[in-house]
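Asker: Below is the structure, and that's it, no one-letter string:
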């Protein structure tokens, strides 16, 4: 039996997840919807644009907007990412500000928890200044609590409680799901009553091709050297079902900025490119519930992150 999505007391709304790079925004969103929609990696700036997912249950429907980490932009792509993140705040009925328990300003010394003046506390203060202009409810989510002691968590909560007027402060672990139900319960208390925006079976409005491209990029992020992943993009050139078989032929291009990077992405005897493809394939097969024949190519587009036309071609401009 389906969910009664027009019943009295049904709540719905848009929730923006914001924070610095690498605090676990995509991991949290994936955990909440129960599927891998947004890619994750240990490298900063993994998420590049707003990714929308949908959580539906008897109480209501939450549309999550996962956003790029707010950071100091170094190119036009970076500017786009920051604008996308900050713009998502104004579109939201509710904001989740995700932080790590070790990244905050200690009021007694003006230092961050790591003891470094102005960083990362300065970045967190910048986000706080942005949120003070937002007139809706904000929940502070302290992620990665499975990595710290209770006294460290209490120190972090105390440091943040006077930064601004939070609707709630909720510690949790996006990785393990600890305290996730508390967050969901609190979100529903803050969303307005209203109809569902999407069918109850919808998990995302992202086109399948975009998710496939991101899954390939995720594996490249995880496998390649530190300086290369920030300069790559992935484009799915074709995606065709082979006859009546549960088999898709997919061709995708990894775009990089330098000829030297192309050689590294391909690897000796093509081994790196093969590794990226072999690790991406299972995720893609799970996504589309079919076998996949994946072919990857590599092309160079010099300085594409600072090229307006290239950014538009790769979907980073409206």
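Answerer: Nice, thanks for sending it over. Since we're looking at a predicted model, the values are computed, not measured.

Asker: can you count the residues close to residue 287?
Answerer: 16 (other CB atoms under 10 Å). Every residue, glycine included, has its C-beta placed from N, CA and C.

Asker: Shouldn't it be within a strand?
Answerer: No. Per DSSP: H, G, I helix; E, B strand; the rest coil, residue 287 lies outside any strand segment and is helix.

Asker: Surely it is in contact with residue 216?
Answerer: No. Using CB atoms under 8 Å, residue 287 makes no contact with residue 216, being 11.7 Å away.

Asker: Can you check the pLDDT for the closest residue to residue 231 other than its chain neighbours?
Answerer: What sits nearest to residue 231 in space, not counting adjacent residues and going by CB to CB, 6 or more residues apart in numbering, is residue 257, at 4.1 Å. With respect to pLDDT, residue 257 has a value of 90.

Asker: Return the residues in contact with residue 257.
Answerer: Contact analysis of residue 257 by CB atoms under 8 Å, 6 or more residues apart in numbering lists 231-232, 300-305.

Asker: Can you tell me which of these end up in strands?
Answerer: In this view, the contacts of residue 257 that belong to strands under DSSP state E are residue 300.

Asker: Closest one of the contacts of residue 257 to residue 204?
Answerer: residue 232 (22.6 Å; CB to CB).

Asker: gap between the closest one and residue 294?
Answerer: 17 Å (CB to CB, to the nearest Å).

Asker: And residue 34, by the same measure?
Answerer: 25 Å.

Asker: Neighbour count: those two, which is higher?
Answerer: residue 294 (21 against 10).

Asker: by contact count, what packs against the host helix or strand of the more buried one?
Answerer: In the assignment (DSSP states H and E), residue 294 maps to strand 291-300. With contacts defined as 3 or more CB pairs under 8 Å, 6 or more residues apart in numbering; DSSP states H and E, the packing partners of strand 291-300 are strand 247-256, helix 259-266, helix 271-288.

Asker: Could you list every helix and strand in contact with whichever strand or helix holds residue 215?
Answerer: Secondary structure assigned from DSSP H and E places residue 215 in helix 208-223. Contact partners of helix 208-223 among helices and strands, from 3+ CB pairs under 8 Å, 6+ apart: strand 233-241, strand 247-256, helix 271-288.

Asker: okay, residue 93: pLDDT?
Answerer: 94.

Asker: where in the stretch 51-200 of the chain is pLDDT low?
Answerer: 68-88, 103-121 (pLDDT under 70).

Asker: What ranges does it have for its helices?
Answerer: 76-90, 121-131, 150-160, 180-190 (DSSP state H, counting those that start in this stretch).

Asker: Report the separation between the residue nearest to residue 91 when sequence neighbours are not counted and residue 312.
Answerer: Distance criterion CB to CB, 6+ apart; nearest residue to residue 91, sequence neighbours excluded, is residue 14 at 6.1 Å. Relative to residue 312, residue 14 is positioned 25 Å away (CB to CB).

Asker: about what we covered before: which one of the helices of the stretch 51-200 of the chain lies closest to residue 275?
Answerer: helix 76-90 (25.5 Å).

Asker: measure stretch 238-245 end to end?
Answerer: With CA to CA, to the nearest Å as the measure, the first residue of stretch 238-245 is 17 Å from its last.

Asker: which of the residues in it are buried?
Answerer: By 16 or more other CB atoms under 10 Å, the buried positions in stretch 238-245 come out as residue 239.
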